[in-house]
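**Q** coords please:
(2 chains)
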Amino acid sequence: MSCKELVELATEYLERTMPDAERARLERHLESCPGCVNYLKQMEHTLTILGHIPEQGISREAQDELVGVFRKWKNESR
Amino acid sequence: METLEVTPGAPPDEEMLPRIRQGDEAAFCELVERYNASLIRVARSYVKDQSVAEEVAQEAWIGFLKGLDRFEGRAALRTWLFRILTNKAKDRVQKDRRYLPLSSLVKTETMGDDPALDPELFQGPDEIKPGHWSSWAPGRWARDPEQKLLTKEVMARAEAAIAELPEVQRAVLTLRDLQGFTSEEACGILDITETNQRVLLHRGRSKVRQALDRYFSTGKEAEPFQTR
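**A** Below is the predicted model:
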């Protein structure tokens, strides 16, 4: 497996949707390729970062509108 | 894989359901806080304008409240919420000819080559090890990852990179990596195939990685390539 192939398989590898034989081939490549080890590490870091992006919250205005929607719903459903 | 961390001690969605049904405004607001930004991000894959996407998200909340009595809990609450959103968004797309159906965006975003990295970074067919790293190879981002990775500035860079993504890649990445939906759930919400989902996720993640690498490598040799 070449490094060029490996970077395109990174998602399948991290998602664990890769056939076992392919996975073994990829891991063999990693044993002798620090660049690709770093690449996959960067991908994992990317996922960690994405998982920590805070919800942006909501503007005062939009919040008020939705509370209005909620109150209307509440009145109608009673 | 890590997913969005709900504030420690925050009740899971399903526990808030009976409270919302009883008319507990705070519980509803908590859910809005949790999902509104992502709803808008996903809506923007269907309708480009931010203001229209916000309207669609609001329609989704209305649909959510109106459907509460019928919700039987066969799917997760949030999956159901996002399904309502994509249905409202599709209605909008049908009514407004400015917008393209998602299926055609999916086609554009999955077709052809969109390599994770510039092919020039790899050795050519006549070199010693074709397809292997050339003079440049990926480095390490941080020696003390936890501390350096999760700074406000890094988050801002990541958000900027997400904003730059093509529409459907952004939607898939939002559902999978920001909200932690499974691939199955993401496929169901967007009504796309598993294969397309994986391609879109890969292309989206690769672009965000590249943007972050540019940030982390500042001062070192920068990666000289832009994906489309």
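**Q** ok, residue 66 - contacts?
**A** Just going to use chain A. By C-beta atoms under 8 Å, 6 or more residues apart in numbering or on different chains, the contact set of A:Leu66 is A:58, B:28-29, B:32, B:36, B:58, B:61. Placement of C-beta: from N, CA and C, glycine included.
**Q** The chain in question should be chain B.
**A** By C-beta under 8 Å, 6+ apart, the contact set of B:Lys66 is A:Trp73.
**Q** Regarding it, what are the backbone dihedral angles?
**A** phi -60, psi -30 (degrees, to the nearest 10).
**Q** and it, how far is that from B:Ile84?
**A** 9 Å (C-beta to C-beta, to the nearest Å).
**Q** Restricted to helices, list the contacts of A:Leu66.
**A** Here DSSP state H is the test, and the contacts of A:Leu66 give B:28-29, B:32, B:36, B:58, B:61 as lying in helices.
**Q** what separates stretch B:51-58 from the chain centre, distance-wise?
**A** 17 Å (C-alpha atoms, centre = their mean, to the nearest Å).
**Q** isn't A:Cys36 right up against A:Leu6?
**A** Yes. Using C-beta atoms under 8 Å, A:Cys36 makes contact with A:Leu6 at a distance of 5.1 Å.
**Q** Mutual contacts of these two, please.
**A** Shared contacts of A:Cys36 and A:Leu6, counting by C-beta under 8 Å, 6+ apart, come down to A:His29.
**Q** Out of the contacts of A:Leu66, give me the two with the largest separation.
**A** B:Cys29 and B:Gln58 (14.0 Å; C-beta to C-beta).
**Q** follow-up on the earlier one: of the ones in helices among the contacts of A:Leu66, list those near chain A.
**A** The subset of these within reach of chain A, by C-beta under 8 Å from any C-beta of the partner chain, is B:28-29, B:32, B:36, B:58, B:61.
**Q** Could you take these and lay them out as a markdown table, with extra columns for neighbour count?
**A** A markdown table is the format used below for these (neighbours: other C-beta atoms under 10 Å in any protein chain shown):
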| residue | neighbour count |
| --- | --- |
| B:Phe28 | 23 |
| B:Cys29 | 17 |
| B:Val32 | 23 |
| B:Asn36 | 24 |
| B:Gln58 | 19 |
| B:Trp61 | 25 |
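**Q** ok, now which ones touch B:Leu200?
**A** Neighbours of B:Leu200 in contact, by C-beta under 8 Å, 6+ apart: B:106, B:109-110, B:168-169, B:172-173, B:192.
**Q** Nearest to A:Ala10 among those residues?
**A** Within these, the smallest distance to A:Ala10 is 14.3 Å, found for B:Leu173 (C-beta to C-beta).
**Q** can you give me the helices for chain B?
**A** Counting by DSSP H, the helices of chain B are B:13-21, B:25-46, B:50-67, B:77-95, B:102-110, B:145-149, B:152-164, B:167-173, B:183-190, B:194-216.
**Q** Give me whichever of these is most buried.
**A** helix B:167-173 (a mean of 26; mean count of other C-beta atoms under 10 Å in any protein chain shown).
**Q** Is any residue of that one near chain A?
**A** Yes. Applying C-beta under 8 Å from any C-beta, one finds helix B:167-173 touching chain A at B:Leu173.
**Q** Which residues are in contact with B:Ala60?
**A** B:39, B:43, B:81, B:84-85, B:88.
**Q** Report the two members of the residues you listed separated by the largest distance.
**A** Pairwise distances across the contacts of B:Ala60 peak at 12.1 Å for B:Ala43 and B:Leu81 (criterion: C-beta to C-beta).
**Q** Setting aside sequence neighbours, what's the nearest residue to B:Ser206?
**A** Leaving aside its sequence neighbours, B:Ser206 sits nearest to B:Ala116 (C-beta to C-beta, 6 or more residues apart in numbering or on different chains; 3.7 Å).
**Q** ah, wrong one, I meant B:Leu165
**A** B:Gly204 (5.3 Å).
**Q** One more: A:Val37?
**A** Nearest non-adjacent residue to A:Val37 (C-beta to C-beta, 6+ apart): A:Leu30, at 5.5 Å.
**Q** Quickly note the distance from the one you found to chain B.
**A** 12 Å (C-beta to the nearest C-beta, to the nearest Å).
**Q** Next, count neighbours for that residue.
**A** When counting by other C-beta atoms under 10 Å in any protein chain shown, one arrives at 16 neighbours for A:Leu30.
**Q** Now do it, the pLDDT please.
**A** In this model, A:Leu30 is scored at 98, pLDDT.
**Q** Regarding it, what is its secondary structure?
**A** helix (DSSP: H, G, I helix; E, B strand; the rest coil).
**Q** Right, I'll leave it there.
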